[in-house]
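Participant: Predicted model and sequence below, questions to follow.
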Amino acid sequence: QVQLEESGGGLVQAGGSLRLSCAASGTIVSIITMGWYRQTPGKQRELVASITGGRNTNYADSVKGRFTISRDNAKNTVYLQMDSLKPEDTAVYYCNSRVFTAPFRNGDYWGRGTQVTVSS
């Protein structure tokens with residue numbers, strides 16, 4: 001019903017920057033929240049940043065001051081600007097969105113993930 005397409009991952013040196021994008025499409029009445037999670041092998045998926053329709057944001061302590069999440073409501077797209085990247089930011093980054101697909105029906109949707117690798 002809802003598809004999330006991520007782009008922008010890749011390989012970057014420590015101290016560098018990357019910008020991730022995630023566009024939602026499909027049966028969308030409205031989007032409640034959009035966000036980014038990340039996961040490394042053997043660890044649980046963790047929240048990186050999220051943003052509501054009213055543009056209230058929430059960040060993991062480890063990325064505060066370095067990452068910025070933003071959202072284009074007209075395009076159903078969320079962005080994650082990642083600056084001052086560190087090797088410990090290396091992970092697969094997943095886009096997440098909670099979406100109303102009908103007036104009283106909502107659900108959580110995930111993208112396939114995009115690899116971010118930060119070399120030291």
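Facilitator: Done, it's in. Every value quoted in this text rests on a predicted model; they were computed, and no experiment measured them.
Participant: Leaving out chain neighbours, which residue sits closest to the residue positioned nearest the centre of the chain?
Facilitator: Most central in the chain under CA atoms, centre = their mean is residue 36, positioned 2.4 Å from the mean C-alpha point. Ranked by CB to CB, 6 or more residues apart in numbering and with sequence neighbours excluded, the top spatial neighbour of residue 36 is residue 48, at 4.4 Å. C-beta here means a position set from N, CA and C on the backbone, and glycine is covered the same way.
Participant: What values do phi and psi take at the one you found?
Facilitator: Main-chain torsions, residue 48, degrees, to the nearest 10: phi -100, psi -50.
Participant: Which pLDDT does the model give it?
Facilitator: Note for residue 48: predicted pLDDT of 98.
Participant: who touches it in this structure?
Facilitator: Taking CB atoms under 8 Å, 6 or more residues apart in numbering, we find residue 48 in contact with 35-38, 59-60, 63, 67, 80, 93.
Participant: What subset of those residues is buried?
Facilitator: Restricting the contacts of residue 48 to buried positions leaves 35-38, 59, 63, 67, 80, 93, with burial counted as 16 or more other CB atoms under 10 Å.
Participant: Need the max-distance pair from the contacts of residue 48.
Facilitator: 59 and 93 (14.0 Å; CB to CB).
Participant: What are the contacting residues of the longest strand along the chain?
Facilitator: As assigned by DSSP state E, the longest strand anywhere in the chain is strand 91-102. Applying CB under 8 Å, 6+ apart, the contact partners of strand 91-102 are 1-2, 4, 6, 9, 20, 22, 24, 26-40, 45, 48, 50, 78, 80, 106-116.
Participant: tell me the average confidence for it?
Facilitator: Averaged across strand 91-102, pLDDT comes to 95.
Participant: Give me the sheet partners of it and which way each runs.
Facilitator: As defined by DSSP bridges, the strand partners of strand 91-102 come to strand 30-39 (antiparallel), strand 105-110 (antiparallel), strand 114-119 (antiparallel).
Participant: Tell me which of those lies nearest to residue 13.
Facilitator: It's strand 114-119; of the strands paired with strand 91-102, that one is closest to residue 13 (CB to CB) at 5.4 Å.
Participant: Tell me the buried residues in that closest one?
Facilitator: 114, 116, 118.
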